[in-house]
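**Student:** When you get a sec, could you give me coordinates for this:
(2 chains)
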There are 2 protein chains.
Amino acid sequence: MSHLKHVAVVGATGAVGVEMLRCLEQRNFPVGQLTLLASARSAGKTMKFKGQDVVIKELTADSFTGVDIALFSAGGGISKEFAPHAVRAGAIVVDNSSAFRMDDEVPLVVPEINAADLKNLPKGIAANPNCTTAITLMALYPLHKAFGVTRVFASSYQAVSGTGAQAIEELEKQTREWAKSERKWDDVRLAPEHVNVYPHQIAFNALPHVDSFLDTGYTKEEMKMENEGRKIMHHDKFRASVTCVRVPVFRAHSVAVSAEFEKPITVEAAREVLRHAPGLDLIDDPTLKQYPLALNVAGHDNCAVGRLRMDCALDNGLAFWVAGDQLLKGAALNAVQIAECL
Amino acid sequence: MSHLKHVAVVGATGAVGVEMLRCLEQRNFPVGQLTLLASARSAGKTMKFKGQDVVIKELTADSFTGVDIALFSAGGGISKEFAPHAVRAGAIVVDNSSAFRMDDEVPLVVPEINAADLKNLPKGIAANPNCTTAITLMALYPLHKAFGVTRVFASSYQAVSGTGAQAIEELEKQTREWAKSERKWDDVRLAPEHVNVYPHQIAFNALPHVDSFLDTGYTKEEMKMENEGRKIMHHDKFRASVTCVRVPVFRAHSVAVSAEFEKPITVEAAREVLRHAPGLDLIDDPTLKQYPLALNVAGHDNCAVGRLRMDCALDNGLAFWVAGDQLLKGAALNAVQIAECL
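**Tutor:** From the prediction side, this is the model:
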C-alpha cells in the first residue's frame, strides 16, 4: 500500500525519540517500515513498536535508503551532518534540533499555527521549534490573531527533560541521594560528584541558565522566543524579553507571560479566543484553585493556559500562565504532527 | 544596663521565629531579657538562645508587660489581635505579617532603602515587607535611585519556607515519599493524602498560586510588589506586573525582572551601581557560569543579583535575576535590622 511510509527515527533511544515512537503508534501514523537509528553504543538493542521488537541500527550516511520520512532528535550536530544524507536518499527530514530553524529555506512549524508553510520544502527539511517557544505560542498565537501582539515579557519554568535523558536521571539521582540521607530541609546541597549534567545542582534549586550564553548576556534559549516566534507567526516586529530557568520538574514546561496588544483586549474576550484554540485547554478558575500545572499537563498532548488577568504594567496587556509537555508538544508530538501534514 | 532590651518574639517556633532568634544572637542584638511566645501547643517547650534554654510561653493579651520590642511573625490574624496589646504595654512592634503594611501610620521598611521612615511610629508599629518584594527591591532600588524606574515585569520562583514550617515539611515528605518508592521520573504524582498544605503537589511541580486570589485574577502576593514597592521607594507611579510561583525549593526566593527606566541605562552603568549597593552581592559572570542561585544564597544575609542584560522588549530597560534567603532578608533578618534602627 503506497500510503504507508518508511519512517526513520534518529536518536530513537533519547527522551524525545522514545516519545516519537509512542506518538507514531498512538496517532496511528501510517508506518510501513520503521528504522531506528542511534549511536554505536545503542546499536543492536531493541525497542518496542506496536508490540514488536525493532532492532536499533547505528546511524551512518547510508542509513536512509528507502526512507520516506526521517525524524531527527539527536542534537544539532547530528542533524547538520546527517540530515543532508537523508535528503539525498529521498527522505523528507523533520528536525527537532535548532540546526535549521532559522534557515530561510526551512519552514519552522507549529501545525496549529503555520502548517501552510510546509508547502515549500526547498531543502527537504522542516524544523520543529524550541519547546518553550512552541508551548508559549500555542496560547499567544490565537491571541495575536485576535488582538495583534506587539511584545511579551516571559519567564520560563523548564523541566529537565528538555536537556535529555541524562538530565532526567540527574534530577532523579540527586533527589534520591538527599532523600535517602537523614539530612533535613536546610541541608540539601549535594557533593560535587552528584552534579554532572548541569553546571550546578538542579534538585531544590532554580538555574537561570538554559543553553549557552551570548555576548549580550542572554542565553541562546532566551532569544528563541523572539527569533522563532517572528518566523512562526510571520510577525517581524514581535519583541520578546525572556528569562529561561531550569527548575526541578521532570517533563513539563510552564511559562509566565505578560503580553502587549495593539487592539483592546479584555480577560473575557481573551478567554473566548483561547477556549476555541486548537490543541489548548483553558483551565482558569482561581476560585476553585484551577490553573495549568506542570504535573497535570505531563503526558498530555494539549497545552493548557490560565491565570488570565489584565496586565498591571501594560496599558493594553494580558498576563497569563501556559504549560505544556516538553516531550510532546515541545518536541515529539509536534514533529509527528508536522510529518502528518507532509 | 539601660541599653539592654527586653525582646519578645511572637511565633517563636515558626520557620521565621527560629531565624529571628538566630539573627538576634548572631548580630549581638542587646537582648537583656527574651520572652518567647507561641500557641498553647508549644507552651512549656524550650528553645536555645545564647546557649541557654528559654521556656516558651503561651501568647495572651498580658504577655507584653515590660517588653521593649516585640517581633511578630505568627500570621496577620495574630498581629491584628495582639500587636495593640503589645503597644499598650509600652512595646514597639516590628510586624512580619501583612496586617499593617499598607497602613498610612505604619512605616514599611527595608533598612537599606528607607530606614528614615522609622522616625515616625504613630502607632508604635513598624512593618516588615513581603519577602519577594524586599528581595527584589534590594536590587531594584539602587537602580531606581540612579536611573528612575517606571515599571517592572517580574516572575518569582518562591521557596516553600515562605509558607512556613508545615510547608517545608510537606516538600520534605513528598520528596521522600516518591524517592523511597521504586517509581521513576515519569511517575511522580503522589496520592492525595500527601497533599495538605498547598492545594496541589509541590514536589516536581510549579504552582502559580501564592496567597489568595483577588477578583482581578491576581493573587494578593502578586500585588504586593507594586503596593509595597510604591510605599517603600516613595514612588507613587511605580507599576509592577508580577506572577508569583511556588517551586520545589526550600528557603530562598529567586525573581526574574524586566525593569524600565527614565534615564538611559547600560549594563556597565547598572553593574557599577549594584556593585556598591548595600546588602547585595553582584554575581554576574556568565562565561564562568556564575549567577545568583537559590541554593547559594540560602543561609546568607546578602541578596545576590546577576544575569544583567539590556532588555529585549523595552527601549530603556534592564533584565536581571535576583535571589535572596526568604527567611533572612525576606523576613527575620530584615525585622531584626528594623529593630536595630529603632
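
**Student:** only C-alpha atoms for contact and neighbour calcs from this point on.
**Tutor:** Will do.

**Student:** which stretches of chain A form helices?
**Tutor:** Ranges of helices in chain A, per DSSP state H, are A:15-26, A:76-88, A:111-114, A:131-147, A:165-180, A:220-233, A:267-275, A:294-297, A:333-341.

**Student:** need the ones you listed in a markdown table with mean neighbour count and mean pLDDT, can you?
**Tutor:** Formatted as a markdown table, the helices of chain A follow (neighbours: other CA atoms under 10 Å in any protein chain shown; pLDDT from 0 to 100):
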| stretch | mean neighbour count | mean pLDDT |
| --- | --- | --- |
| helix A:15-26 | 20 | 96 |
| helix A:76-88 | 18 | 98 |
| helix A:111-114 | 18 | 98 |
| helix A:131-147 | 23 | 98 |
| helix A:165-180 | 18 | 97 |
| helix A:220-233 | 22 | 98 |
| helix A:267-275 | 16 | 98 |
| helix A:294-297 | 24 | 98 |
| helix A:333-341 | 22 | 96 |
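
**Student:** Format the ones you listed as CSV; extra columns: distance to chain B.
**Tutor:** Formatted as CSV, the helices of chain A follow (distance: least, CA to the nearest CA, whole Å):
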stretch, distance to chain B
helix A:15-26, 11
helix A:76-88, 22
helix A:111-114, 23
helix A:131-147, 15
helix A:165-180, 5
helix A:220-233, 9
helix A:267-275, 9
helix A:294-297, 6
helix A:333-341, 17
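
**Student:** Make CSV out of those and add distance to A:Asn96.
**Tutor:** Below are the helices of chain A laid out as CSV (distance: least, CA to CA, whole Å):
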stretch, distance to A:Asn96
helix A:15-26, 9
helix A:76-88, 8
helix A:111-114, 14
helix A:131-147, 9
helix A:165-180, 15
helix A:220-233, 13
helix A:267-275, 26
helix A:294-297, 21
helix A:333-341, 7
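
**Student:** of all those helices, which lies closest to B:Phe100?
**Tutor:** B:Phe100 sits nearest to helix A:267-275 of all these, at 31.4 Å, using CA to CA.

**Student:** contacts for the closest one?
**Tutor:** By CA atoms under 8 Å, 6 or more residues apart in numbering or on different chains, the residues outside helix A:267-275 that reach it are A:Ala139, A:Pro142, A:Leu143, A:Ala146, A:Leu280, A:Asp281, A:Leu282, A:Val305, A:Leu308, A:Arg309, A:Met310, A:Leu318.

**Student:** Try it again at 7 Å.
**Tutor:** For helix A:267-275, the external contacting residues (CA atoms under 7 Å, 6 or more residues apart in numbering or on different chains) are A:Ala139, A:Pro142, A:Leu143, A:Asp281, A:Leu282, A:Leu308, A:Arg309, A:Met310.

**Student:** For the fourth one, which non-adjacent residue is closest in space?
**Tutor:** The shortest distance from A:Asp281 to any non-neighbouring residue, by CA to CA, 6 or more residues apart in numbering or on different chains, is to A:Ala304 (4.6 Å).

**Student:** what does the last one give?
**Tutor:** Distances taken as CA to CA, 6+ apart place A:Leu318 nearest to A:Met310, at 4.7 Å, with adjacent residues excluded.

**Student:** isn't that neighbour right up against A:Arg309?
**Tutor:** Yes: if you go by CA atoms under 7 Å, A:Leu318 and A:Arg309 touch, sitting 5.8 Å apart.

**Student:** neighbours around the closest residue to A:Glu19 other than its chain neighbours, how many?
**Tutor:** Closest residue to A:Glu19 in three dimensions, ignoring its sequence neighbours and counting by CA to CA, 6+ apart: A:Ala332, at 5.8 Å. A:Ala332: 29 surrounding residues under other CA atoms under 10 Å in any protein chain shown.
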